[in-house]
Structure formats: C-alpha cells, structure tokens
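**Student:** kindly return the folded structure for what I paste below:
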Amino acid sequence: MISGLFKFSNKRNVLQNATKLILQRRTFFNIVPNPSVGLTEDQKQFQSVALDFAQEKMKPFAEKWDKEEYFPREVMREAAELGFGGIYVKEDVGGSGLSRLDASIIIEALASADVSTTAFISIHNMCAGLIDIYGTEEQRQKFLPSLVSMEKIASYCLTEPGSGSDAGSLSTKAVKDGDHYILNGSKAFISGGGDSEVYLVMVRTGAEKGPKGISCLLVEKDTPGLSFGKKEEKLGWNTQPTRALIFEDCRVPIGNLIGKEGQGFSIAMNALNGGRINIGACSLGGAQSCLVAARDHVKVRKQFNQPLEHFQAVQFKMADMATKLHASRIMIRNAAAMLDAKDPSAHVYIAMAKLFACDECFKVTDDSLQLFGGYGYLKDYPVERYLRDLRVHRILEGSDAVMRLIISRELSKDE
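**Tutor:** Now for the predicted structure:
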C-alpha cells in the first residue's frame, strides 16, 4: 500500500515538473487565441505591465491566499503604484485616465493569475470611477487621492437581503435630519465589507417606490451606526471578505450625497455597465490560464501509450475551447469600446458580452478541469480554484437571467 502511494505521488511530481518545464518555455501570449491580437502598441504595453505584475506578485501566492482567505491589501497597493487603483479616474487626482477598453485589457491580464483579487480591484475601480464622474470637485479632491493609491479601498453596496435582481425594490432608508441623512436598513454580499474604508451605498431617499426614489451616499467605515455582519464562507472569491452592512440610525453628512437625490439608480446601473465588462474580463483571464494549463497537461499526460494531445477528441475539445475564448474576448472588447463611445445601445451589447463571456469562459474552465481528469480535482493544480472563482460571475453584477431580460426587452421594441 505504501509502495503504491509512493508511486502515485512520484507520478504526480513527474507530471507537475514536466508541466512546469513547458510553462517556462512559453509566455501567456504564445497560444491561440493570443490576447494581444488587435491591440494598439500602448494597449500591449498596459497588458504586458499588468501580466508581469500578475506573474510576479500574484500568481506565486494565489493558492495560499485562497486557502487562508487572505485579503492581500499590500499587493493591491503595489498594483495601485502602477496606476491600477484608478484606471479610468482622471489624472488630476492621481488616476490613470484610461478607457474602459484599456481597463478590460488590464483586468484580464491581472485575472490570469488571481481572479478573486482582481475582481475586488475591479469593484474598487468601479467605486472610484463613480466618485470621479458624479462627485463634486470637493468630493473628488477629498476621497479620490487615497482611493487611487489604494491606501483606502471602496465597496459598492446595492444588493439587500430582500432585493437582488430587483434592485429597484431596495428598502434601506435615508431620512433627512438637518445637515445629515439618517440611514436604517442593511446590505448583503458586500465585497470588502468590514475592511473597506469607503462604501457607496444605494438608499431610498424619496417616497416613491421603485428606481426614482433611490440616491447614492458615500458612507465612511467609522460612521456611528454602521456595523458589519459575520464574514461569509464562500465557494470562491476567498481572497476578498464578504459581509453584510447594517445601518442603525447611521448619520451621514448631506455633503456625502453623490450626484443628486433620486439619481442613485441611474448611477448604480451606469456603474454596473462598466462592472459587467470587467467581470467578463476577469472570466477571460481565468479561462485563458486554464486553457494554457490544459494544453500543457495534454502534452505530457499519456494514456494508451501516447500523449492525450494525439487523440482527436482532445484536439477538437481544445479547438472549441479556444474558439469560445476568442469569441468571448471580441464581445467584451467590443462592448467596452461602445461604452467608451457613449453608444446609447451599449448596455444591451454589454449584457450580451457578459452573458456569453461568463458562461462560455466557465465552460472553458470546466472543460480544462475535465482534461486534467482526477488531477484537475486536486488543489495541487490551479484549475479548480479558477473554476470556483469564475462560477459567481454568472450571478453577480447582473445574473444570466437579468442579462437575458435586458437583451430580450430591446429585441421586443418596435422602434
């Protein structure tokens, strides 16, 4: 029995070492589909810088962070030094001033090493971007310098225990009292909850039911009346804490209103347009890494006296995986370009891109695990971590069903 276990362990080590040797001989780009195809020279530079950072600062530690549920704030601050803490924030407050397309390229490259941590960087950027667009000059100067450096981090707070996909039915209430709002209610599934210093919270300030009565308030962590639930135990996204936010007579200065009263739902939806692109980009990065890992595995893994890559069934499976990944990337980047161009129909194409990319990239990841066989189910290999991290992308920032609702509504219009 001991001899058999030794042989199994030895085979596993040989397989891992052979895969590592192949990986050392190639780059992230040396495979079809190549993520740099169609990019400008500047965009290739952004991509290369992000990938180098991911490979050096994230990939070697991603497994440990996931296992220990460690939130790597110091590494995110290093990412911010490269401009990744305020990718599309204006330069006057320290942002990088890049486009949504540029951001999707950067996010994809970072996610190739660690989807979970990159997803939080995306959420943080979404919040910083909202303050930059909708905030007053005073708010921008007060909050953004420390956010773009990621000395402070931000969380987006829309979902509630009783309102998920039906975001317009949220019930967290904000009532004016002199120069403050008094908040009562709660938010659920908040990434960074309890750790972030800044929370962009969608609340009901008006008497109207539905989207029209919703506003956006910036709530700081140390505000009296704000508390946090327990840290949630999750399938994936383990490198970022998730908690509920609880507001009990929480006093927030009126000066922390972002935009105008009643504008909150519009702000929230505009934020999600960019967020959906970035979540799709996170799926691309994870799936690309899984495709590379699967290709390397089938070159060294032998059955029936030949490498797996010699079987036509495996070849065709890999071809389908590459095609799904390439199509997903084209859709995400096209949607990002439409958002940059302020195309009025961008939200529909963003919904299509998120739906397709998150679903198909998850399938690519699952197929990669299948090609690894039993090895893929072990935590010795990273594919299972990517699988766990990508699964939630089909739920958050607009579920698959909500994306289909957006698309179908547009299809049914007569004009």
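
**Student:** contacts and neighbour counts: CA atoms only from here.
**Tutor:** OK.

**Student:** nearest spatial neighbour of residue 402, skipping sequence neighbours?
**Tutor:** residue 165 (6.9 Å; CA to CA, 6 or more residues apart in numbering).

**Student:** Three-state assignment for residue 414, please.
**Tutor:** At residue 414 the chain is in coil, as set by DSSP: H, G, I helix; E, B strand; the rest coil.

**Student:** for residue 245, same thing?
**Tutor:** Put simply, residue 245 is strand when judged by three-state DSSP.

**Student:** any idea how far the residue nearest to residue 402 lies from residue 395?
**Tutor:** Distance of residue 165 to residue 395, computed by CA to CA, to the nearest Å: 9 Å.

**Student:** just to revisit the earlier point, what residues are up against the residue nearest to residue 402?
**Tutor:** For residue 165, the contacting residues are 398, 399, 402, by CA atoms under 8 Å, 6 or more residues apart in numbering.

**Student:** doesn't the last one lie inside a helix?
**Tutor:** Yes - the assignment for residue 402 is a helix, going by three-state DSSP.

**Student:** just give me the neighbour total for it.
**Tutor:** Residue 402: 16 surrounding residues under other CA atoms under 10 Å.

**Student:** buried residues, stretch 129-138. List them.
**Tutor:** Neighbour counts over stretch 129-138 (16 or more other CA atoms under 10 Å) mark 129, 130, 131, 132, 133, 134, 135, 136 as buried.

**Student:** do stretch 138-145 as well
**Tutor:** Neighbour-count burial for stretch 138-145 [16+ other CA under 10 Å]: 139, 140, 141, 143, 144, 145.

**Student:** and if you look at stretch 86-99?
**Tutor:** Using 16+ other CA under 10 Å as the test for burial, stretch 86-99 gives 86, 87, 88, 89, 90, 93, 94, 95, 96, 97, 99.

**Student:** got phi/psi on residue 131?
**Tutor:** When quoted as degrees, to the nearest 10, the phi and psi of residue 131 stand at phi -60, psi -40.

**Student:** hmm, it is touching residue 137, no?
**Tutor:** No - judged on CA atoms under 8 Å, residue 131 makes no contact with residue 137 at a distance of 9.5 Å.

**Student:** surely residue 215 forms part of a strand?
**Tutor:** Yes - when three-state DSSP is applied, residue 215 is found to be in a strand.

**Student:** so who does it touch?
**Tutor:** For residue 215, the contact set (CA under 8 Å, 6+ apart) comprises 202-205, 257-265.

**Student:** what is the nearest of these to residue 280?
**Tutor:** Taking CA to CA as the measure, residue 280 lies nearest residue 265 of these, at 22.1 Å.

**Student:** pLDDT below threshold where in this structure?
**Tutor:** Along the chain, segments meeting pLDDT under 70 span 1-28.

**Student:** centre-most residue in it?
**Tutor:** residue 119 (2.8 Å; CA atoms, centre = their mean).

**Student:** what helix or strand is that one on?
**Tutor:** In this structure, residue 119 sits in helix 115-134 according to DSSP states H and E.

**Student:** distance check, the spatially closest residue to residue 364 that is not a sequence neighbour against residue 300.
**Tutor:** Of all residues not flanking residue 364 in the chain, residue 321 sits nearest, at 5.4 Å (CA to CA, 6+ apart). Distance of residue 321 to residue 300, computed by CA to CA: 19 Å.

**Student:** more neighbours: those two, which one.
**Tutor:** Legend: neighbour count by other CA under 10 Å for residue 321 and residue 300, higher for residue 321 (22 against 18).

**Student:** quick revisit: after the helix holding residue 119, which helix or strand is next? Please name it.
**Tutor:** Immediately after helix 115-134, counting by DSSP H and E, sits helix 137-148.

**Student:** which neighbours does the next helix or strand after that next one have in its sheet, and in what orientation?
**Tutor:** Next along the chain after helix 137-148, taking DSSP H and E as the criterion, comes strand 154-157. Partners of strand 154-157 in the sheet, by DSSP bridges, are strand 198-204 (parallel).

**Student:** roughly how far out does the strand it pairs with sit from the chain middle?
**Tutor:** 20 Å (CA atoms, centre = their mean, to the nearest Å).

**Student:** got it, and stretch 366-376?
**Tutor:** Here stretch 366-376 is found 24 Å from its chain centre; the criterion is CA atoms, centre = their mean.

**Student:** repeat for stretch 249-268
**Tutor:** Here stretch 249-268 is found 25 Å from its chain centre; the criterion is CA atoms, centre = their mean.

**Student:** start and end of it, how far apart?
**Tutor:** 23 Å.
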